[in-house]
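K.L.:
here is a sequence together with a model predicted from it:
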Amino acid sequence: QVQLQESGPGLVKPEQTLSLTCSVSGCSLTTDYGYWSWIRQPPGKGLEWMVTIRYSGSTYYRPSLKSRTTISRDTSKNQFTLHLSSVTPEATAVYYCARGNDYAGEYDVWGQGTQVTVSS
């Protein structure tokens, strides 16, 4: 059974960097049909895709966030990490990590989500 678990601080101050880690079990980050993403949902709004890292290591960024976003992975720990710099209160959201499946053509496994609030 594939499971994803987000971890990181629930409160970040404005202008700081938000860092979240997704720990994956039951599937390797380098499995050749998988891609791994961060997706967020601000209060009262829909889901917003942020960034993806594929099994190959290729990365894809939401254009509006690209200058402030970094995704990395640690294959030895089977974790991938999001860094979002210079955050504002508009970054307040529930952040999800998710696995995309090339065969299914969709995100088929999600973490439970973690609330991050940006406030001084």
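P.N.:
That came in fine, so what should we check first?
K.L.:
quick check: beta-bridge partners of the most centrally placed residue in the chain?
P.N.:
The structure's the chain has its C-alpha centroid closest to Trp38; by CA atoms, centre = their mean the separation is 2.3 Å. With DSSP bridges as the criterion, Trp38 is bridged to Val51, Cys97.
K.L.:
isn't it right next to Tyr95, touching?
P.N.:
Yes - Trp38 is within contact range of Tyr95, at 6.4 Å (criterion: CB atoms under 8 Å). In short, each C-beta sits where N, CA and C put it, glycine included.
K.L.:
pull the number of nearby residues for Asp32.
P.N.:
If you count neighbours by other CB atoms under 10 Å, Asp32 ends up with 9.
K.L.:
how about the backbone phi and psi for Pro89?
P.N.:
Per-residue torsions, Pro89: phi -60, psi -20 (degrees, to the nearest 10).
K.L.:
pLDDT score assigned to it?
P.N.:
Pro89 carries a pLDDT score of 97 in this model.
K.L.:
which regions of this protein lie under the pLDDT threshold?
P.N.:
Under the criterion pLDDT under 70, no range of the chain is flagged.
K.L.:
show me where it has its strands.
P.N.:
For the chain, the strands defined by DSSP state E occupy 3-7, 11-12, 18-25, 34-41, 48-54, 59-61, 69-74, 79-84, 93-101, 106-110, 114-118.
K.L.:
what residues does the third one touch?
P.N.:
Where contact means CB atoms under 8 Å, 6 or more residues apart in numbering, the residues beyond strand 18-25 that reach it are 2-9, 12, 36, 38, 77-85, 87, 91, 95, 97, 99, 111, 114, 116, 118.
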